[in-house]
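*Asks:* predicted model follows, preceded by the sequence.
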Amino acid sequence: MQDFNHLLTTKPHDIRMVFVSDLHLSADTAMLNQAFLALLQDLMAIPNLQALYILGDWLDSWVGDDDYLSLSDAQKSEHWLTFILNQLKKLSHKTAIYIMHGNRDFMIRQGLCDVLGGTLIKEPYFLTLSNASRLRLEHGDRMCTDDKAYQRYRKIIQNPIVSWLILKQPLAKRRQLAQNIKQKSQNDKSQKTAVIMDVNDNATHNALATCDILIHGHTHRPAVHDIDGKKRVVLGDWRLDNHQVTAVIGAVLNDGEMGLWEFRHPI
């Protein structure tokens, strides 16, 4: 895996886009939060960076923008998310920031993105690189079609009407629901095979039929897969490992090259 710090020091002018996913930030992930802030500082120093894409599960859970936006100024000043939003806001003055829903933070709305100067995007999201390659961006959970129980749950919980009804519930009730969903997800993972929780081959081929490069996260299995002359690029989750935070992130360079790099932040 190529080293992102090496890329920053050797080719900072060549970096055009950066892709991250599955940070799962929360009040309980202080080390991950600090690592993300460090990455944002690094991105501030990239002279020609055009965009940062966060492809889902940026936050470990989210019960609605009002959970943060309804706080007083004094409460926000002490909130763990404020420092991150402020740093993202600084970055947004020089580059575009795009936020995509994940399976944990699908209740994010444009209101929160407005605070950080970003844009909420829906999957699949397409863009074309300078070398004419067509990219398709997704979180990745929609392609895990072998997990039929999860797909049924996803169809219900992310239905616009259901989401609207959930957002009408009191915050305390939504927080409890989020906790229940997180616990159920952890229990389900312990009982499912690795194959079921990975993307389905047919779903992957259907997605690649619409693009040259498919980029997604969710599975926490970073790799670049070459499939019939096309690429499936899988971003990694952020994790505390051996006194440092590590993450596998994506980057597009000036010549249109798309690759994965390992970002490390010592604790």
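*Replies:* Perfect, I can see it now. Please read these numbers as outputs of a predicted model, since none were measured by experiment. Numbers count the residues shown, from 1 in each chain.

*Asks:* which SS class is residue 198?
*Replies:* coil (DSSP: H, G, I helix; E, B strand; the rest coil).

*Asks:* can you count the residues close to it?
*Replies:* Around residue 198 there are 19 other residues, counting by other Cβ atoms under 10 Å. (Each C-beta comes from the backbone N, C-alpha and C, glycine too.)

*Asks:* with the one 4 residues further on instead?
*Replies:* Other residues within reach of residue 202 by the criterion other Cβ under 10 Å amount to 11.

*Asks:* give me the spatial nearest neighbour of it, chain neighbours excluded.
*Replies:* residue 145 (7.5 Å; Cβ to Cβ, 6 or more residues apart in numbering).

*Asks:* do I have it right that that neighbour meets residue 152?
*Replies:* No. With contact taken as Cβ atoms under 8 Å, residue 145 and residue 152 are classed as non-touching, separated by 11.1 Å.

*Asks:* so residue 215 belongs to a strand, correct?
*Replies:* Yes. Under three-state DSSP, residue 215 falls within a strand.

*Asks:* about what we covered before: residue 145 and residue 152: who's more crowded?
*Replies:* Between residue 145 and residue 152, counted using other Cβ under 10 Å, residue 145 has the larger neighbour count: 17 against 10.

*Asks:* can you give me the helices for this protein?
*Replies:* 4-10, 30-44, 66-69, 73-77, 80-92, 110-116, 148-157, 160-167, 171-191, 201-208 (DSSP state H).

*Asks:* out of those, nearest to residue 126?
*Replies:* Residue 126 lies closest, by Cβ to Cβ, to one member of the helices of the chain: helix 201-208, at 11.0 Å.

*Asks:* give me the buried positions along that closest one.
*Replies:* Of the residues in helix 201-208, 204, 207, 208 count as buried by neighbour count, 16 or more other Cβ atoms under 10 Å.

*Asks:* what's the mean pLDDT across that helix?
*Replies:* Averaging pLDDT along helix 201-208 yields 96.

*Asks:* and the contacts of stretch 183-199?
*Replies:* The contact list for stretch 183-199 (Cβ atoms under 8 Å, 6 or more residues apart in numbering) reads 103, 140, 143, 144, 146, 147, 149, 150, 216, 219, 221.

*Asks:* cutoff 10 Å now
*Replies:* Residues outside stretch 183-199 that contact it (Cβ atoms under 10 Å, 6 or more residues apart in numbering): 61, 103-104, 138, 140-150, 153, 204, 207, 214, 216, 218-221, 225, 232, 234.

*Asks:* tell me the residue furthest from the middle of the chain?
*Replies:* Using Cα atoms, centre = their mean, the residue of the chain lying farthest from its centre is residue 74. It sits 28.7 Å away.

*Asks:* how about the helices of the chain, which one is nearest residue 53?
*Replies:* Ranking the helices of the chain by proximity to residue 53 (Cβ to Cβ) places helix 30-44 first, at 11.7 Å.
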